[in-house]
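**Student:** sequence-free structure coming up:
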């Protein structure tokens, strides 16, 4: 797929790689085994980096990761997936305008974020879109920001406990 170079700005969590555009007959974006293993490793490094951060620092770190990368992959445990993981593109899929403007086989920045499941990945993808689009209504932006903070690993367990009624609100 191309040479991968660690980008030191993000502590080695964003990689540079050559993007191969799919031809018109390829409907699904399928990763090679090597690339999937690299992304799983990168997602685990991202998780390990954030372990000692509080929720605010994790939220900021994840926003910076999204902003620094041209393409962000979500990785989650999935017994039916290859190498026990599922994945999806959260930012920078081949249909988005930014990726269509990239000529031929260009170098792009990749990042991977570990999630509990596909649903939390989709939630973070949608929240990032709302936050970066800066909606007209300030309240919408504030709600999206608060929800983004709630999706950080530091807050997920507390949020689950609160939703299940095991913790005071």
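**Tutor:** Cool, the structure landed. Since this is a predicted model, take the numbers as computed values, not measurements.

**Student:** any weak-confidence spans in the chain?
**Tutor:** Applying pLDDT under 70 to the chain flags residues 1-29, 94-105, 134-135, 157, 159, 166-169.

**Student:** which stretches in it count as helices?
**Tutor:** Secondary structure of the chain by DSSP state H: the helices cover 33-50, 55-68, 97-100, 118-133, 138-150, 153-163.

**Student:** with mean neighbour count as new columns, can the ones you listed be given to me in a markdown table?
**Tutor:** Where you see a C-beta, it was placed from the backbone N, CA and C, and this is true even at glycine. Below are those laid out as a markdown table (neighbours: other C-beta atoms under 10 Å):
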| stretch | mean neighbour count |
| --- | --- |
| helix 33-50 | 17 |
| helix 55-68 | 17 |
| helix 97-100 | 11 |
| helix 118-133 | 16 |
| helix 138-150 | 15 |
| helix 153-163 | 14 |
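
**Student:** those helices: which one's closest to residue 87?
**Tutor:** Nearest of these to residue 87, taken as C-beta to C-beta: helix 33-50 at 6.7 Å.

**Student:** how far does that closest one sit from the chain's center?
**Tutor:** Mean-position distance between helix 33-50 and its chain equals 11 Å (C-alpha atoms, centre = their mean, to the nearest Å).

**Student:** now that helix and helix 55-68, what's the angle there?
**Tutor:** Relative orientation of helix 33-50 and helix 55-68, computed by axes from the mean of the first three to the mean of the last three C-alpha atoms, to 10 degrees: 150 degrees.

**Student:** thank you kindly, that will do.
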